[in-house]
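J.: Output the structure for:
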Amino acid sequence: MSTLLPTLLAIETSSELASCALLRGDVVLSRASSGVRTHSQSILPMVQELLAEAGVTLADVDAIAYGSGPGSFTGVRTACGIAQGLAYGASLPVVPVVTLDAMALACHQQHGAQRIVTVLDARMGEVYWAQYDYQDGLQAIVPPALSAPAGVLPQGDVVGCGNGFGTYADALAPLPCAATADAAIMPHAVQVGQLARIAFAAGHFVKAADAQPLYLRNKIAYTSAERLDMQQAKAAAESAQ
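T.: Okay, here's the model as predicted:
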């Protein structure tokens, strides 16, 4: 294990893009795929490719990070279940990372943005959104929320990002940031891993059994199908080791 920068394996499947990343020292390796029927079919082979490329095993990893949501119900369950399965098998801690945080970091990295609003399509005519400031680190000014596009009300001058600006272009057009928003920025495992490193170093991690998806829509309890999704993802991750 690293005595300087922790080595992290990150998984992100909350949108149509599935990605994983391995952060080891100053080296960042990543894989991404889209268009598959289920992310659970693609993410584990990508994880195995990353570990093989780096010449390491899970025994060399300090923690497993995952995009906890908000996002697709199935997607965040998949990421959580796979993170749990990998962490259980290797006795590793787990670091949940909010997907909108990862998008905001990507916007800062790609555009130098200091004040950022992230808008992710939540379907059913709604969006997940949040606002951030980047000053020596990322800080949430407006925490993640679920609303109609008309409910996206950023404070001050911001740079926009996320596919919500594409899906709901007409509804979001009145926002000053809409014309220049980067709708291509989506949650990605690289930024999940980078934020997880900071959280891990600060002691913000959980046991595998305590990892949970982040839902912003009303969720009273898991359905039997949802429990099965997580169990299958977890079992697949455990058997892949």
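
J.: does Q131 count as helix, strand or coil?
T.: Using DSSP: H, G, I helix; E, B strand; the rest coil, the three-state assignment for Q131 comes out as strand.

J.: Setting aside sequence neighbours, what's the nearest residue to it?
T.: V142 (3.9 Å; C-beta to C-beta, 6 or more residues apart in numbering). In this view, the C-beta of every residue, glycine as well, is placed from N, C-alpha and C.

J.: In a helix, that neighbour, correct?
T.: No - according to three-state DSSP, V142 belongs to no helix; its state is strand.

J.: And for the nearest residue to L58 once chain neighbours are set aside, the neighbour number?
T.: Closest residue in space to L58, ignoring its immediate chain neighbours: A90 at 3.9 Å, by C-beta to C-beta, 6+ apart. Using other C-beta atoms under 10 Å, the number of residues around A90 comes to 18.

J.: for Q212, same thing?
T.: Neighbour tally, Q212, other C-beta under 10 Å: 17.

J.: Then E53?
T.: E53 has 11 nearby residues by other C-beta under 10 Å.

J.: my read: it touches S30, true?
T.: No - E53 is not in contact with S30 according to C-beta atoms under 8 Å; the separation is 10.3 Å.

J.: how about the helices of this protein, start to end?
T.: For the chain, the helices defined by DSSP state H occupy 39-54, 73-90, 99-111, 164-167, 169-172, 189-201, 224-239.

J.: what's the closest of these to L23?
T.: Across these, L23 has its closest neighbour in helix 189-201 (4.5 Å, C-beta to C-beta).

J.: Can you give the contact residues for that closest one?
T.: Helix 189-201 has contacts (C-beta atoms under 8 Å, 6 or more residues apart in numbering) with 5-6, 8-12, 19-23, 28, 30, 32, 62-63, 65-67, 93, 95, 97, 99, 101-103, 105-106, 109, 137-138, 205.

J.: what mean pLDDT does stretch 114-130 have?
T.: Mean pLDDT, computed over stretch 114-130, is 98.

J.: Now do it: distance to the chain's middle.
T.: Distance of stretch 114-130 from its chain centroid, counting by C-alpha atoms, centre = their mean, to the nearest Å, is 14 Å.

J.: Same question for stretch 105-124.
T.: 13 Å.

J.: Repeat that for stretch 97-116.
T.: For stretch 97-116, the distance to the chain centre is 12 Å (C-alpha atoms, centre = their mean).

J.: Which positions within that stretch qualify as buried?
T.: Within stretch 97-116, the residues that count as buried by 16 or more other C-beta atoms under 10 Å are 97-108, 113, 115-116.
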